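> got a predicted model here, sequence first, then my questions.
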Amino acid sequence: MKSKKILGLLLVVTLLSATVFGTASVFAAGAQTNVKLESYMPPVKTIFVDDDFENRTVDGGVAPVAKGEPGYRANQIKEADKAGAGFTAKKENDNIYAYNDTQYKTIRVCDKVIPTSADRLVISFKFNVSTRAAGDDFMLRFGSSNSARALRFLWTSKNRVEIYKFITDPTTSSGYNTPWLYNIDGTASKTWIDFTLVLIKSGSGDSAVAKIDKMFVNGTEAKISADVRELMADCNWWKNVSDPAEKLNAINIGNAKGNGYMFDDILIYEPYDVYMTDIDAVKKIVKIVNDGSSAVTGNVFIALYDNDKNLLAAKEASTELNVPAGGSQPVSLDGTFGHENAKTAKIFFWNKSSLAPLCAAETVPLS
């Protein structure tokens, strides 16, 4: 029995050594993005749209740079037919963003790229509130035509934005403003509002619906009621149907009233179900989050490395840890950072029996 434990520890050490030099690629962290991933956002599994607009020519159009041309990046936005004349690239404080000077202009940010296999979808972008007036609004719309698959961002005053869900046909005046999801106080120090929406597929087959799993505004999770969460039912990106009216084949961001709108850092992706968050090297804690539909059980391991990426120590930071579906578990890392030459720690959540990773690893600088 003791020999099995020793062999197991030797295997752990071998794998932890390999992670630094790239020979165990399965342990790599979430996909790298051009748009900065905020701490409250789950790590990226599959990128669909990743556009910070930094490769655009200032005062030129925001059409994607063609593949093979200088400055090309994968996963850029796709413009809607009428967007080209309305959106240009502007620069302020070394940041390039998309700007429009005409009403009723739309950026087709995602076009026929979402796979039916994704159970969850993260949609994140920034919008500027500095030039808005009461009555201005813009839409986050799902689908190729007007439908009930949209959120409305409405300025009710110079300094207040309210987010609503369309519950009836948006081509009519009814249903625009009921019910509201969230109020944004625009008097805060930020002029750019960070908005992140996490949608989840609920159910299976033809009875599956989309629900709002989480919504973040400037990093704070919005408190929304259960009935409001249900209102994204028509956002069915997973349905592979031939009828264009039923197929979600585009996601658009555009203004309905007002001009001079500014959008930036558009990111749409499929996230990992299980991931780490709230990592604190000083307090020596980490939280394992499970947004999936099944519980996961594993162990947390810590690897310590010096400046030259040499493995100094490999330690088990937790006994068997069970994280329920839709839940989370804090893990104390106390005692695992104790090496005077350690400059970097890497945290892993593995199935201890198979040493298969249960989520992306995270790297923590120690000095």
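Yep, it's here. Residues are numbered from 1 along each chain as shown.

> quick one: contacts for residue 317?
Residue 317 sits next to 299-302, 331-333, 336, 347 when contact means CB atoms under 8 Å, 6 or more residues apart in numbering. From N, CA and C alone the C-beta is placed, and that goes for glycine too.

> count the neighbours of the closest residue to residue 185 other than its chain neighbours for me.
Setting aside the residues directly before and after it, residue 185 is nearest to residue 160 in space (CB to CB, 6 or more residues apart in numbering), at 6.5 Å. Per other CB atoms under 10 Å, the neighbour tally for residue 160 reads 16.

> pLDDT at residue 160, what is it?
We have a pLDDT of 87 for residue 160.

> returning to what we had before: of the contacts of residue 317, which belong to strands?
Cross-referencing those against strands under DSSP state E gives 299-302, 331-332, 347.

> are any of the residues you listed buried, and if so which?
299-302, 331, 347 (16 or more other CB atoms under 10 Å).

> export those to CSV and tack on pLDDT?
Putting those into CSV (pLDDT from 0 to 100) gives the following:
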residue, pLDDT
299, 90
300, 90
301, 88
302, 86
331, 88
347, 89
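
> related to what we said a few turns ago, beta partners of the residue nearest to residue 185?
residue 157, residue 185 (DSSP bridges).

> least confident secondary structure element in the protein?
helix 2-21 (a mean of 48; mean pLDDT, DSSP states H and E).

> parallel or antiparallel, list what pairs with the next helix or strand after that helix.
Counting by DSSP states H and E, the next helix or strand C-terminal to helix 2-21 is strand 44-51. Strand 44-51 pairs in its sheet with strand 261-271 (antiparallel), by DSSP bridges.

> just confirm residue 206 is within a helix.
Yes. Counting by DSSP: H, G, I helix; E, B strand; the rest coil, residue 206 is found in a helix.

> just to revisit the earlier point, columns distance to residue 362 on top of the ones in strands among the contacts of residue 317, output as JSON lines?
As requested, the ones in strands among the contacts of residue 317 are exported to JSON lines (distance: CB to CB, whole Å):
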{"residue": "299", "distance to residue 362": "15"}
{"residue": "300", "distance to residue 362": "11"}
{"residue": "301", "distance to residue 362": "12"}
{"residue": "302", "distance to residue 362": "11"}
{"residue": "331", "distance to residue 362": "12"}
{"residue": "332", "distance to residue 362": "16"}
{"residue": "347", "distance to residue 362": "5"}
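
> which of those residues lies closest to residue 230?
Residue 230 has its nearest neighbour among the ones in strands among the contacts of residue 317 in residue 331, at 33.3 Å by CB to CB.

> hey, what's the closest one bridged with?
Applying DSSP bridges to residue 331, the residues it is bridged with are residue 286.

> which residues touch it?
285-288, 300, 317-318, 321.

> just the buried subset of the residues you listed, written out for ChimeraX, thanks.
Here is the ChimeraX command that selects only those of the contacts of residue 331 that count as buried (16+ other CB under 10 Å):
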select :286,288,300,317,318,321
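
> pipe the contacts of residue 331 into JSON lines and attach distance to residue 71 per row.
Formatted as JSON lines, those follow (distance: CB to CB, whole Å):
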{"residue": "285", "distance to residue 71": "41"}
{"residue": "286", "distance to residue 71": "38"}
{"residue": "287", "distance to residue 71": "39"}
{"residue": "288", "distance to residue 71": "39"}
{"residue": "300", "distance to residue 71": "41"}
{"residue": "317", "distance to residue 71": "43"}
{"residue": "318", "distance to residue 71": "45"}
{"residue": "321", "distance to residue 71": "45"}
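
> tell me the one among the contacts of residue 331 nearest to residue 272.
residue 288 (11.6 Å).

> for that closest one, give its distance to residue 35.
25 Å (CB to CB, to the nearest Å).

> kindly report the same for residue 354.
Residue 354 is 34 Å from residue 35, by CB to CB.

> looking at those two, which is more packed in?
Ranked by neighbour count (other CB under 10 Å), residue 354 and residue 35 place residue 35 first, with 24 against 8.

> mind checking pLDDT for residue 240?
Note on residue 240: pLDDT of 65.

> I'd like the buried ones among the ones in strands among the contacts of residue 317 as a markdown table, with distance to residue 48 appended.
Formatted as a markdown table, those follow (distance: CB to CB, whole Å):
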| residue | distance to residue 48 |
| --- | --- |
| 299 | 33 |
| 300 | 30 |
| 301 | 32 |
| 302 | 33 |
| 331 | 31 |
| 347 | 27 |
